[in-house]
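*Asks:* the following comprises the amino acid sequence and a computationally predicted model.
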Amino acid sequence: MRVKFFDIQWDTSDDDTDEIPSASACGLPSECVLEVEDDIDIEEEGADALSDQYCYCVFGFSYEVQ
């Protein structure tokens, strides 16, 4: 199924520095559409799908199934 993720809050912090770059400076989208497994629980596993795609952890997001 296709899922539109939006209002994505990325974890761009780095333990080696106090400076936190913005998500846009890291090239991360504030919204995107991903194809996910039909049996995925988006509430529980949506952050994993985003993290797998973009290699950054996620604090939170909103979504709608398309």
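*Replies:* Great, that's in hand.

*Asks:* make it CA atoms for all contacts and neighbour counts henceforth
*Replies:* Will do.

*Asks:* ranges for the strands of this structure?
*Replies:* Counting by DSSP state E, one finds strands in the chain at the ranges 2-11, 31-35, 57-65.

*Asks:* is it correct that residue 60 is in contact with residue 6?
*Replies:* No. Using Cα atoms under 8 Å, residue 60 is not in contact with residue 6, being 9.5 Å away.

*Asks:* how about the most centrally placed residue in the chain, what does it touch?
*Replies:* By Cα atoms, centre = their mean, the chain has its centre lying nearest to residue 50, at 3.9 Å. Contacts for residue 50 (Cα atoms under 8 Å, 6 or more residues apart in numbering) come out as 56-58.

*Asks:* which of these lies closest to residue 41?
*Replies:* Among the contacts of residue 50, residue 58 lies closest to residue 41 (Cα to Cα), at 15.9 Å.

*Asks:* residue 32 versus the residue lying closest to the closest one once chain neighbours are set aside, what's the distance?
*Replies:* In space, and not counting its chain neighbours, residue 58 is closest to residue 10: 4.5 Å by Cα to Cα, 6 or more residues apart in numbering. Separation of residue 10 from residue 32 (Cα to Cα, to the nearest Å): 13 Å.

*Asks:* please say which of the two ends up with more neighbours.
*Replies:* residue 10 (23 against 14; other Cα atoms under 10 Å).

*Asks:* show me what contacts that one?
*Replies:* Shown in contact with residue 10 (Cα under 8 Å, 6+ apart): 23, 28, 56-60.

*Asks:* same question for residue 24.
*Replies:* By Cα under 8 Å, 6+ apart, the neighbours of residue 24 are residue 30.
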